[in-house]
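J.: compute the structure for the input listed below.
(chains A and B)
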Amino acid sequence: MTDLNTPPALLLAEQDSTLKSNLERLFVRSGWSYQIADSVERSLALLKQYKFDVVISDLCLPNEPLLAFVQGVKSINAEQALIVLAAECSAHQAVEFFRKGASDFLQKPCDLDALEKSIQRLVSAPQKRDRTERWFKYVQSEKVSYEFNTANFALNRMPLWIADKLLATGLIDLNTKLKLQLAFDEAVTNSNEHGNLELKSVWKEEFDTEGVDRYSKTKKQRLQDALYGQRKLWIDLEYNCRSLSIRIKDQGQGFLDQEQVVYSAEQGTQLHGRGLGIIQSLMDQVTYSERGSVITMIKKFA
Amino acid sequence: MEEFTTEIVGNKGVIKVSGDLDSETSGEALRQAFNRLYDQGKRTIVLDLGQVQIINSYGIGKVLMCYKRLKSDNGVLMVKPLTGFVRETFELLMLDKLLPVDQ
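T.: Purely as a prediction, here's the structure:
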């Protein structure tokens, strides 16, 4: 990729001749170097060839192909700063542009002062912080709820997609994302296996004559037993710019012993309680219902 | 069926764990690799977790079962130097105090 060596360098993907002349005057006045592309294909070709500080998309496209263009830009450079100008766009559609990786979104007719400020912000500020600010300019909070049938639930890790989004918006780093996924996995496994399927951890150390442990054997049987397998698991995920809340509810008996799990090197060899210990260590706040069939975990963002 | 490679290095058996240790599949692969070395008479067994990104309570349970079986036979379960998130998880649960490191 050839560097234009003239920061900031802008790429204007433009199909509106009226706005184009206004934007060119803005760029010249601000001392920014720029190139203009009048199509999606030309824009993507230039992105592959040159390095640009900011891409401004003013392509006269419906929202769906415009979203595809955003994805195309991001596939060339995942960190590319990208401002999207679009007409007649709902807040929900604006959110979709951010989901796909737009750094900022401005509705047309475009306020040139706002565009100038946006470009300056993107050129001077860290990209990650801007994505966070732009996202939460439109989204106060987001909540998703799931209901699963125990027998059909994919126990081999349900992806915590919200963690991917939080990583993309810059609220968490990769290490925190891994911790969230792990805490989530532990809590879901506890609810499904110890809650709904009523499996006891000590059964992991009880083996039959064929070397199969009682835990695995009973789990297979109960997944096919409607009494256990048809039980429900409810998962509520909610986040805002300050924290993520994960609530998991099962239909089991709950657990009787709600002692705080404290580990020592010797206690660490026990086969039960470790999952709860992991959850409590990785999350900022963990609470249970009295019976223990509902767990709420909260992770706060720095 | 997932399978972990094993090798003999001196008097030690080494299990190279590939992928994450967080499922019945990977747990079963660990059990089988462990049994292969144990049945060959190895009582010092080293886990190489260098390729593991995630280990959850299920995977740790399998590791501890290996530990307990060796301990009951005066054997030792060791680990190759841990890194990243796996090291953090071991430290979190104080397993780093339980399993010596094979440099």
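
J.: let me see the contact set for the spatially closest residue to A:Leu171 that is not a sequence neighbour.
T.: Leaving aside its sequence neighbours, A:Leu171 sits nearest to A:Phe301 (C-beta to C-beta, 6 or more residues apart in numbering or on different chains; 4.9 Å). Every residue, glycine included, has its C-beta placed from N, CA and C. Shown in contact with A:Phe301 (C-beta atoms under 8 Å, 6 or more residues apart in numbering or on different chains): A:166, A:171-172, A:241-244.

J.: what is the lowest-pLDDT residue among the residues you listed?
T.: Lowest in pLDDT among those is A:Leu171, which has 79.

J.: does it count as helix, strand or coil?
T.: Three-state assignment for A:Leu171 (DSSP: H, G, I helix; E, B strand; the rest coil): coil.

J.: so how far is A:Ser293 from the residue nearest to the spatial centre of chain B?
T.: Most central in chain B under C-alpha atoms, centre = their mean is B:Leu47, positioned 3.7 Å from the mean C-alpha point. Distance, B:Leu47 to A:Ser293, by C-beta to C-beta, to the nearest Å: 35 Å.

J.: related to what we said a few turns ago, what strands flank the helix or strand harbouring the residue nearest to the centre of chain B, and is each parallel or antiparallel?
T.: In this structure, B:Leu47 is located in strand B:44-48 according to DSSP states H and E. Strand B:44-48 has the following sheet partners, assigned by DSSP bridges: strand B:12-16 (parallel), strand B:76-79 (parallel).

J.: adding mean pLDDT and distance to A:Asp58, write those out as CSV.
T.: Output for those, formatted as CSV (pLDDT from 0 to 100; distance: least, C-beta to C-beta, whole Å):
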stretch, mean pLDDT, distance to A:Asp58
strand B:12-16, 95, 54
strand B:76-79, 96, 56
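
J.: please convert the ones you listed to a markdown table, extending it with mean neighbour count.
T.: Shown next, in a markdown table, are those (neighbours: other C-beta atoms under 10 Å in any protein chain shown):
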| stretch | mean neighbour count |
| --- | --- |
| strand B:12-16 | 19 |
| strand B:76-79 | 20 |
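
J.: which residues does the residue nearest to the centre of chain B form beta bridges with?
T.: Beta-bridge partners, per DSSP bridges, of B:Leu47: B:Ile15, B:Val79.

J.: on that earlier part again, whatever helix or strand comes next after the strand holding B:Leu47 and chain A in contact?
T.: Downstream of strand B:44-48, the next assigned helix or strand under DSSP H and E is helix B:57-71. Yes - for helix B:57-71 and chain A, the contact criterion (C-beta under 8 Å from any C-beta of the partner chain) is met by B:57-58, B:60-61, B:64-65, B:67-68.

J.: what packs against the top helix by length along chain A?
T.: Counting residues, the longest helix in chain A under DSSP state H turns out to be helix A:174-189. Contacting helix A:174-189 under the criterion 3 or more C-beta pairs under 8 Å, 6 or more residues apart in numbering or on different chains; DSSP states H and E are the following elements: helix A:161-168, strand A:243-250, helix A:274-282, strand A:294-300, helix B:57-71, helix B:84-92.

J.: with distance to B:Leu37 added, can I get the ones you listed in TSV?
T.: Shown next, in TSV, are the helices and strands packed on helix A:174-189 (distance: least, C-beta to C-beta, whole Å):
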stretch	distance to B:Leu37
helix A:161-168	36
strand A:243-250	38
helix A:274-282	25
strand A:294-300	38
helix B:57-71	10
helix B:84-92	21
